[in-house]
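>>> Structure of the sequence below:
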Amino acid sequence: MDIYTYIIRDHRKVAGLMEELMAIRLPTVRQTLFDQIKAELILHNDSEERTFYAALEHATQTQDMNNRLESAEHEHHEVKAILHVMSRLSISSEEWMEKFGELKFAIEHHVAKEEGEVFVRAKDIISPLDAHRLALQMDALKQQLRANLHATAD
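Take a look at the predicted model:
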């Protein structure tokens, strides 16, 4: 598996969890799904920035790619900010659902830009072998971050 397939798999997993959450009305189940979404997004964003984005920054010095990466990282920070606000709201409130809609839109926008623009340019910069290695690195880092997340939660 290469980095593009790996990242797309993450994107589809979160999209599926979000669709599932929208179909659920029970607050306890909704909370469980939100906790999963939040963890997946944090793990994905952090590991993606430290592997894929770092490799792109290292491999190219073009202003176009630097702008795209800066924009993608800004979108990651925006998602974290929305998650932070949502974590402080009642999951049963109308305000929470509005923020969820905002989160969903932000993620869909980010995914479309990343898969439609960044990947296209990245494939010209990163070799297929390096793309495979990056997927392994991102997965290993995600597993390490997940273990740290669980350790601090216990």
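>>> Angles on the backbone of the residue of the chain most remote from its centre, please.
No residue in the chain sits farther from the centre than residue 26, which is 25.4 Å out by CA atoms, centre = their mean. Main-chain torsions, residue 26, degrees, to the nearest 10: phi -70, psi 120.
>>> And for residue 92?
In terms of degrees, to the nearest 10, the main-chain angles of residue 92 are phi -90, psi -10.
>>> Just want to check the distance between the residue lying closest to it once chain neighbours are set aside and residue 20.
Setting aside the residues directly before and after it, residue 92 is nearest to residue 27 in space (CB to CB, 6 or more residues apart in numbering), at 5.0 Å. Backbone N, C-alpha and C define where each C-beta goes, glycine included. If you measure residue 27 against residue 20 using CB to CB, to the nearest Å, the figure is 15 Å.
>>> neighbours of the closest residue to residue 100 other than its chain neighbours, just the number please.
If you skip the residues right next to it in sequence, residue 100 has residue 86 as its closest partner in space, 6.8 Å away by CB to CB, 6+ apart. Taking other CB atoms under 10 Å as the neighbour definition, residue 86 ends up with a count of 20.
>>> How about residue 81?
Burial measure for residue 81: 12 neighbouring residues, criterion other CB under 10 Å.
>>> what comes into contact with the strand or helix carrying it?
Secondary-structure assignment from DSSP states H and E places residue 81 in helix 63-87. Defining contact as CB atoms under 8 Å, 6 or more residues apart in numbering, one finds that helix 63-87 is touched by 34, 38, 41-42, 45, 48-49, 53, 56-57, 60, 96, 99-100, 102-103, 106-107, 109-110, 113-114, 117-118, 121, 125.
>>> With stretch 18-33 instead?
Residues external to stretch 18-33 that are found in contact with it (CB under 8 Å, 6+ apart): 17, 34, 37, 91, 92, 100, 104, 107.
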